[in-house]
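> turn this into a structure:
(chains A and B)
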Amino acid sequence: MIYVLKIYIPPTSSISPTVARIERATARAREMTTIRRFCCDDLLRFSSVNLDHLTETFNMSFYMTYLARWPDYFHVAEAPGNRVMGYIMGKVEGQGESWHGHVTAVTVAPEFRRQQLAKKLMNLLEDISDKIDKAYFVDLFVRASNTPAIKMYEKLEYVIYRRVLRYYSGEEDGLDMRKALSRDVEKKSIIPLKRPVTPDELEYD
Amino acid sequence: MASKFGMAGGIPERRVRPVWDAIDSRQFKNALKLSTTLLSKYPNSSYALALKALILERMGKLEEALSVCINAKELLYKNDLILIDDLTLSTLQIVFQRLDHLDMATSCYEYACGKFPNNLELMMGLFNCYVREYSFVKQQQIAIKMYKIAGEERFLLWAVCSIQLQVFCGNGGEKLLQLAEGLLKKHIASHSLHEPEALSVYISLLEQQAKYGDATEVLSGNLGSLIMIEVDKLRIQGRLLARAGDYGGAADIFQKVLTLCPDDWECFLHYLGCLLEDDCIFPSGTNTTPSNSIHVSTSIDCNLSDDVFDSRISRASEFVEKLKAEAGSDSIRNPDLANLEIERRKIIFGKGSYDKLMEDIILFFSRFGHLACFSADVAVFLQVLPGDKKNQLLEKLAKRIASSATSSKNVLGQHITLFKIRELIGDMFPLPEGDLVGFAVQMTEMYCQNLPLSKDLDVQESMFGEEFLSMTCNVLVQLFWRTKHIGYLLEAIMVLELGLTVRRYVWQYKILLLHLYSYWNALPLAYERYKSLDVKNILLETVSHHILPQMLTSPLLVDTSDLLKGYSRFMDEHFKESADLTFLAYRHRNYSKVIEFVQFKERLQRSSQYLTAKIEGSILNLKRNANSIEQAESVLKSLNFGSDFLDVSNEIQSKKLTFNEDLQLRPWWTPSYDKNYLSGPYESMSNYPRETLRNDVKEMESKVTRTIEKRSLLPRMIHLSIQCASSSVKVNSNSDINGFDSKASSELKSLLESYAKFLQLPFHDAVELVTSVASGQKPLEVFSPNLIDWMNFAVCLNAWNLNSNGITIPMNWELLCSLLQQSVSSKIKTAKPLVSFPGTDLSILVQLVMEPLTWHGLIIQSCVRSALPSGKKKKKGGGGGTSDQSNTQLSSSIKNSIVSLNNTIDEVSKSLKEQINKSVDGDIDILLSSINCVDGGPGPGKVVRILEKLVSSVDDLEVGERICHAVKPWKAADVARKMVTAQGTALTDFLNVCDSKIKVLQGLKLQI
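Below is the predicted model:
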């Protein structure tokens, strides 16, 4: 029998994943930074990132569940002087050909925006999904109205796989965007669905 | 024995399902009914009972739940034939845990494991129980047992983690690590290792014992292949070599990493540190978590000879050049910054050139100066430049901007950077007032002029030039500090308010505003700004320091209480769930997280802010209930009569408190623990005050610790004072001395002695000081800055003196009343109108009323209650009781005290009314006239003029419809009105507190 821990994890629809403030096409400078695994102490240092109104501050069990289960999918970027620049959190889940990496949140502090840091963090997560966990694709959800973010994801080769009706708090539609990884040779995982789905049709939270 | 298919706790699942469904849909009444039916069919089922307990607990019937749970437990023990399955146990466990009886849950599992040895499922449950109890030794024992039974790698690692926890979080000696190493070695010899996390535990274990060579060997052997990312492996290798003192080897490894990841700044620092044999870079010691703060070396005692230093530096330079060449046109910042670091190290060694460093900075600036993070990136390099060089650098940077041919957005970015560097260097402090005003004007103008750049941005996106307004605010505050002209302060507020009107999401403005409003006694507005920051969850620990200290000394009791409750709830919830999350890490074999989680929980438990919230929350609760002695006593009872806090006070020095507040976001001019720049005289600073602040942190931390230590005594002192006072009256009337009273009296005396120590005097000297001030022989000023502490001391001293077992001191009701009255009067006399005098310390007066006067009121209430014959306590003004025999003995001094206290509070009340009744429009006029400078003349007003010009001339074609609509209705007068109103609200809240106290005192007067 598997233990069921009574840990509250908010349903994905109530959180706003994939926040991503976006970089400009013109920005060429790459950030000089150290990217390493996120650890608990970073929770005490990320306030300048999280005070931004688009970045949700989750409850502790949410962060810690991610740390306990998918530590390789939770990374922080640091600038000189140990300033937290941004972080990415995600997970890997699914069965068979839907075994995939998922981006739960990616965010960059205002002072470090427009330097392609989000891209770097995304690439890291894709790399781990691809090379270590041998996943078929990476997916993420984004508000249908968040045009700049959608554009950025498209530039990172994500395609809109399907629309999820009223995904965000029962109000706004979400877009499920995907990028195929090397294991999905025929790129089957990203063939767009013809019709939108409702949140209860989603396979995973 | 385990649950059979279709069975739940020995009962067919179909019978249980309706109960589950009812619980899931939160229909607890129905669930209870169904469970009663179930129990009638299965009266001997522990599981059925456990379910009932679960339902009762959810319904809030805690005692009943506990007793049912205990029944279930007993049934489990009694029925030898009954199966014990994990479902029953885990259900019981959940209820016991929610009822705070972890020990009972553990004993259930212990019993089950004893009865069915070798059952892994039950053993894991027991292991989990020990994790919840933080019993590391027992964790280790049961994990070893499981390992012996199943031979699985994970159970061995569970045991190893438990051992590490004993060493780092328990009281296990480091020798235990050897045991863990031995266990792992044996296992590896026969089974090898299969999980990357297992390998990192093994390496950390060796590292903790300083066996760096062994660790390197393991890493380069077969096991090393478990780490799949090459650079990760190299980084560990480099660290191990450096720690072993093989700097050359380590430098080679880090060079490899840099070739693969040229952007990795931390790695570059490690590389350079190793080349220069700087052992600060990897502090040795048994640190379990990877060090996440890179040490910035500032030491000058580098042990290398000149020649070696030169050759190492040139090796580094060559390597950086190579990196640069390889990066080609794809601009990577690291190599540029690396050059700066190399030059900085040379300067520290005495071989560098300031000019070269400046040249490099300017070069770096021309490539990346437009980035928002630039100034912070170069801060460490600016520090090594002498003052005149810093100024030269500023000039050169300004020239560079003037000659730069880049896009307008980049030029804007460069301008912002220049001002930020100016702030960083602190070169503005010696400048004349006019120049500072010039900067403020220039920055505000640049903000306004560049609004069109943000025309097409979404409201959610950061705008171009937002930082200008924060920096303008800081300059204006500095001007205020220097000139004491309130117009500058008002302008600082206006600038930020306008900024928020343009874009309401800028949290930097909100933080600045909340401090400005706090300083100006408009606390309700400050709190509003704080709330709009949406500080929640872990941010409560790191961000609430912005508002908490002001609120604790304010009359906004309800808001303060909400704030404290929200924070404590968050922390307590985390402490409750943390162990379950630790077990989750165990289950998912992320062993490094196990140790991290436990250490993090401990870190939060030792949080100074958490302790402060606990103690201040309790004191606040007392304050709020002090109008009725019965209510106050019930609060004290819930605090175990203050005894628990005495333990806190005693243990605090050994606890090593943690300070988790993120002070980076605090403006330099806000009051730190006991230093408020703006209240003091203006001092010209040679560097940015943040530097000085950093140095003060340690001192501040020890002061905070002492404050908590001191404040933790207070609830107990109040409780004992009430006891002493009441028994003194009883003694007088009944001449019945009971043993408890004398115990209370001597305990109070020893607490007063401890309290006096915090006031830095021996008890008798403290008594003498209090009495000599009270009798007018010494001025009240001798108490500052600890006036409140001294008054609290005096109040409790008087109470103790009422029943002091024959020891006499020259303290009495009259002296105390005179002391309280003096302190209040002096504060009222020096009080100034809030509007014209920002920084007026209203909080002292608030605290006087809320603390010593309130405690004294409680003591009086206690005396009056004891003096009245029982049965007549509640009667007000009834003629019968007053002639009672015992009442005649009630000392007339108590009566006089009531009158005196009443008058003292009345004096406060009157002065408040005077301020409240002033016309709001009059105050607004005072404010607005402060920024009404004559055009071109000196003084404040120029910045507001720019804002007003923007508002009147804003054009939607130019800045876009959204910005235009937002800005147009903005009025300076509205901002002033909001502030004056907020000041009035705070004063009214205070007045209400005073009035309620007066009412109580008048009631008491009628009773005797």
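> pretty sure B:Arg977 is touching B:Ile924, no?
Yes: contact status for B:Arg977 versus B:Ile924: in contact at 5.5 Å, counting by Cβ atoms under 8 Å. In short, each C-beta sits where N, CA and C put it, glycine included.
> okay, the two: which has more neighbours?
The residue with more neighbours, out of B:Arg977 and B:Ile924, is B:Ile924; 21 against 17, by other Cβ atoms under 10 Å in any protein chain shown.
> so what's B:Asn621 up against?
Going by Cβ atoms under 8 Å, 6 or more residues apart in numbering or on different chains, B:Asn621 touches B:Ser561, B:Val635.
> what pLDDT does the residue nearest the centre of chain A get?
For chain A, A:Val103 is the residue whose C-alpha lies nearest the centre (Cα atoms, centre = their mean; 2.2 Å). Per-residue pLDDT puts A:Val103 at 97.
> so it, which of the three states?
Here A:Val103 takes the strand state, with states given by DSSP: H, G, I helix; E, B strand; the rest coil.
> gap between it and chain B?
19 Å (Cβ to the nearest Cβ, to the nearest Å).
> quick one, phi psi at A:Leu165?
phi -70, psi 130 (degrees, to the nearest 10).
> can you check the one 3 residues further on too?
Summarising the backbone geometry of A:Tyr168 under the convention degrees, to the nearest 10, its torsions are phi -90, psi 110.
> what sits against the residue nearest to the centre of chain A?
By Cβ under 8 Å, 6+ apart, A:Val103 lies in contact with A:Pro17, A:Thr18, A:Ile88, A:Met89, A:Gly90, A:Met122, A:Leu125, A:Val138, A:Asp139, A:Leu140.
> quick one: distance of whichever strand or helix holds the fourth one to the chain centre.
In this case it means A:Met89. Assigned by DSSP states H and E, A:Met89 belongs to strand A:83-93. Relative to its parent chain, strand A:83-93 has a centroid offset of 7 Å by Cα atoms, centre = their mean, to the nearest Å.
> try stretch B:258-269
In terms of Cα atoms, centre = their mean, the centre of stretch B:258-269 is found 34 Å from the chain centre.
> and if you look at stretch B:347-361?
On the basis of Cα atoms, centre = their mean, stretch B:347-361 sits 40 Å off its chain's mean C-alpha point.
> any part of that stretch near chain A?
No: residues of stretch B:347-361 contacting chain A under Cβ under 8 Å from any Cβ of the partner chain: none, with a closest distance of 13.6 Å.
> now do the helices in the stretch 451-600 of chain B.
For the stretch 451-600 of chain B, the helices defined by DSSP state H, counting those that start in this stretch occupy B:466-483, B:486-502, B:507-519, B:523-531, B:539-543, B:548-552, B:557-587, B:591-605.
> what residue is smack in the middle of chain B?
Compute the mean C-alpha point of chain B, and by Cα atoms, centre = their mean the closest residue is B:Glu541, 3.8 Å away.
> doesn't A:Arg162 make contact with A:Gly174?
No: using Cβ under 8 Å, A:Gly174 makes no contact with A:Arg162, being 9.4 Å away.
> what residues does the stretch 551-700 of chain B put near chain A?
By Cβ under 8 Å from any Cβ, the residues of the stretch 551-700 of chain B that approach chain A are B:570, B:573-574, B:577-578, B:580-585, B:587-588, B:590, B:592-593, B:596-597, B:599-600, B:603, B:660, B:662, B:664-665.
> 10 Å - rerun?
Applying Cβ under 10 Å from any Cβ of the partner chain, we find that the stretch 551-700 of chain B lies next to chain A at B:570-571, B:573-575, B:577-578, B:580-590, B:592-594, B:596-601, B:603-604, B:607, B:658, B:660-662, B:664-665.
> drop anything exposed from these.
Those of those that meet the buried threshold are B:570-571, B:574, B:577-578, B:580-590, B:592-594, B:596-601, B:604, B:607, B:658, B:660-662, B:665, by 16 or more other Cβ atoms under 10 Å in any protein chain shown.
> circling back: could I get the helices of the stretch 451-600 of chain B as a markdown table with distance to B:Glu195 and mean pLDDT?
Shown next, in a markdown table, are those (distance: least, Cβ to Cβ, whole Å; pLDDT from 0 to 100):
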| stretch | distance to B:Glu195 | mean pLDDT |
| --- | --- | --- |
| helix B:466-483 | 47 | 95 |
| helix B:486-502 | 51 | 97 |
| helix B:507-519 | 42 | 97 |
| helix B:523-531 | 45 | 97 |
| helix B:539-543 | 33 | 97 |
| helix B:548-552 | 44 | 95 |
| helix B:557-587 | 13 | 96 |
| helix B:591-605 | 8 | 96 |
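> B:Cys113: which of those is closest?
Nearest to B:Cys113 among the helices of the stretch 451-600 of chain B is helix B:557-587 (16.6 Å), distances taken as Cβ to Cβ.
> that closest one to helix B:523-531, inter-axis angle?
Here helix B:557-587 runs at an angle of 20 degrees relative to helix B:523-531 (axes from the mean of the first three to the mean of the last three Cα atoms, to 10 degrees).
> and helix B:557-587, how far out from the chain's middle?
Relative to the chain's own centre, helix B:557-587 is displaced by 13 Å; criterion: Cα atoms, centre = their mean.
> let me know the angle separating it from helix B:591-605.
Helix B:557-587 and helix B:591-605 are oriented at 160 degrees to each other (the same axes, to 10 degrees).
> mind listing the strands for chain A?
A:34-37, A:74-79, A:83-93, A:100-108, A:137-143, A:159-168, A:172-180 (DSSP state E).
> rank those by pLDDT, which is bottom?
Looking at the strands of chain A, the lowest mean pLDDT belongs to strand A:34-37 (a mean of 90).
> ok, that strand: who's next to it in the sheet?
Strand pairing for strand A:34-37, using DSSP bridges, gives strand A:74-79 (antiparallel).
> could you check the angle strand A:100-108 makes with the strand it pairs with?
Going by the same axes, to 10 degrees, strand A:74-79 makes 30 degrees with strand A:100-108.
> for strand A:74-79, buried residues please.
Buried residues in strand A:74-79 (16+ other Cβ under 10 Å): A:Phe74, A:His75, A:Val76, A:Ala77, A:Glu78, A:Ala79.
> tell me what the third one is bridged to.
Partner residues in beta bridges with A:Val76: A:Arg36, A:Tyr87, with DSSP bridges as the criterion.
> and it, how far from A:Lys91?
16 Å (Cβ to Cβ, to the nearest Å).
> do the same with the first one
Counting by Cβ to Cβ, the gap from A:Phe74 to A:Lys91 is 9 Å.
> can you check which residues contact both of these two?
Contact criterion Cβ atoms under 10 Å, 6 or more residues apart in numbering or on different chains; residues shared by A:Phe74 and A:Lys91: A:Tyr66, A:Thr104, A:Leu125.
> wait, doesn't the last one sit right on A:Lys131?
No: at 11.3 Å, A:Leu125 and A:Lys131 do not qualify as touching, with contact defined as Cβ atoms under 10 Å.
> need the strands of chain A in TSV with distance to B:Ser407, can you?
Listed next are these as TSV, based on distance: least, Cβ to Cβ, whole Å:
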stretch	distance to B:Ser407
strand A:34-37	29
strand A:74-79	24
strand A:83-93	24
strand A:100-108	22
strand A:137-143	29
strand A:159-168	32
strand A:172-180	31
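> need the nearest residue in space to B:Lys601, chain neighbours excluded.
In this structure, B:Lys601 finds its nearest non-sequential neighbour in B:Ser578, 4.4 Å apart by Cβ to Cβ, 6 or more residues apart in numbering or on different chains.
> how about B:Arg165, what does it touch?
One thing to correct before we go on: residue B:165 is Leu, not Arg. By Cβ under 10 Å, 6+ apart, the contact set of B:Leu165 is B:131, B:134-137, B:139-140, B:172, B:176, B:288, B:582, B:594-595, B:598-599.
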